[in-house]
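S.K.: need the 3D shape of this:
(2 chains)
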Amino acid sequence: GEDVEQSLFLSVREGDSSVINCTYTDSSSTYLYWYKQEPGAGLQLLTYIFSNMDMKQDQRLTVLLNKKDKHLSLRIADTQTGDSAIYFCAEIANQAGTALIFGKGTTLSVSS
Amino acid sequence: GAVVSQHPSWVICKSGTSVKIECRSLDFQATTMFWYRQFPKQSLMLMATSNEGSKATYEQGVEKDKFLINHASLTLSTLTVTSAHPEDSSFYICSARSGTGGGTEAFFGQGTRLTVV
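M.R.: A predicted model of the protein is given here:
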């Protein structure tokens, strides 16, 4: 079945760049997402990338996709303390009514 | 962007009672809604897929008689935890998609923290 793996923790200093990595197994994934979850809150969509793209940039966020290796990364430039949260990688196949498959989440801790 | 409203945000109930959680899509029609459960420091586990006007599809290991899902309209799905027990305490999150294609964004409610005492 589908599986999404992420490293569990990442600690960076304020101002540095953060890179969160994710691997997935389903080669039929058409869209891959990054969600952010702050303590006690729901999920906020940060960005997503279509599987025929290699890179997508959105302000401080850069998503890199290596479809051959089924590897996805999220780079946050100039990381701020407000970026401290859990970041979830998720995938979806191109099927109507299909739910997202989530990784376990990476806890990003930003120190000042 | 589209908004999914989940209510209540938190609830405390006594063991043996039932609790209903509502999930509404406020500005779009959601033919499909999803219910997830999240344990502390863990990922979201899909519980069931709810289609408007039909029975929900439950994931393996999820008791359909315990977690009753109703999707009576295109904007409302409810999850009822029946005869709740302390082990049902968790964070429940609903999600709705605004379209049927794989690329349509999934919007999430803010989650419901259920504590059974």
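S.K.: for the worst-scoring helix or strand of chain B on mean pLDDT, packing partners?
M.R.: Least confident helix or strand of chain B, by mean pLDDT, DSSP states H and E, is strand B:106-108 with a mean of 82. Counting contacts by 3 or more CB pairs under 8 Å, 6 or more residues apart in numbering or on different chains; DSSP states H and E, strand B:106-108 is packed against strand A:43-50, strand B:90-97. Backbone N, C-alpha and C define where each C-beta goes, glycine included.
S.K.: can you list contacts of the first one?
M.R.: By CB atoms under 8 Å, 6 or more residues apart in numbering or on different chains, the residues outside strand A:43-50 that reach it are A:30-38, A:55-56, A:58, A:61, A:63, A:65, A:72, A:74, A:87-88, B:1, B:44, B:93, B:95, B:103, B:105-108.
S.K.: stretch B:34-43 near chain A at all?
M.R.: Yes: contact of stretch B:34-43 with chain A is found when judged by CB under 8 Å from any CB of the partner chain, involving B:34, B:41-43.
S.K.: and what of stretch B:46-57?
M.R.: Yes: for stretch B:46-57, a contact with chain A is found by CB under 8 Å from any CB, at B:46, B:49, B:51.
S.K.: beta partners of the second one?
M.R.: Right, B:Thr49. Listed beta-bridge partners, B:Thr49: B:Phe34, B:Thr57 (assigned using DSSP bridges).
S.K.: would you check that it makes contact with B:Ala56?
M.R.: Yes: with contact defined as CB atoms under 8 Å, B:Thr49 counts as touching B:Ala56 (6.5 Å).
S.K.: ok, which stretches of the chain are strands?
M.R.: Assuming you mean chain A. A:4-6, A:9-13, A:18-24, A:29-37, A:43-50, A:55-58, A:61-66, A:71-76, A:85-93, A:101-102, A:106-111 (DSSP state E).
S.K.: can you look at chain B instead?
M.R.: Under DSSP E, chain B gives strands at B:4-7, B:10-13, B:19-25, B:32-38, B:44-51, B:57-58, B:67-73, B:76-81, B:90-97, B:106-108, B:112-116.
S.K.: weakest of those in terms of mean pLDDT?
M.R.: Among these, strand B:106-108 has the lowest mean pLDDT, at a mean of 82.
S.K.: can you list the strands that that one pairs with?
M.R.: strand B:90-97 (antiparallel).
S.K.: tell me how far the strand it pairs with lies from the chain's centre.
M.R.: Strand B:90-97 sits 5 Å away from the centroid of its parent chain (CA atoms, centre = their mean, to the nearest Å).
S.K.: quick one: work out the angle between it and strand B:44-51.
M.R.: 50 degrees (axes from the mean of the first three to the mean of the last three CA atoms, to 10 degrees).
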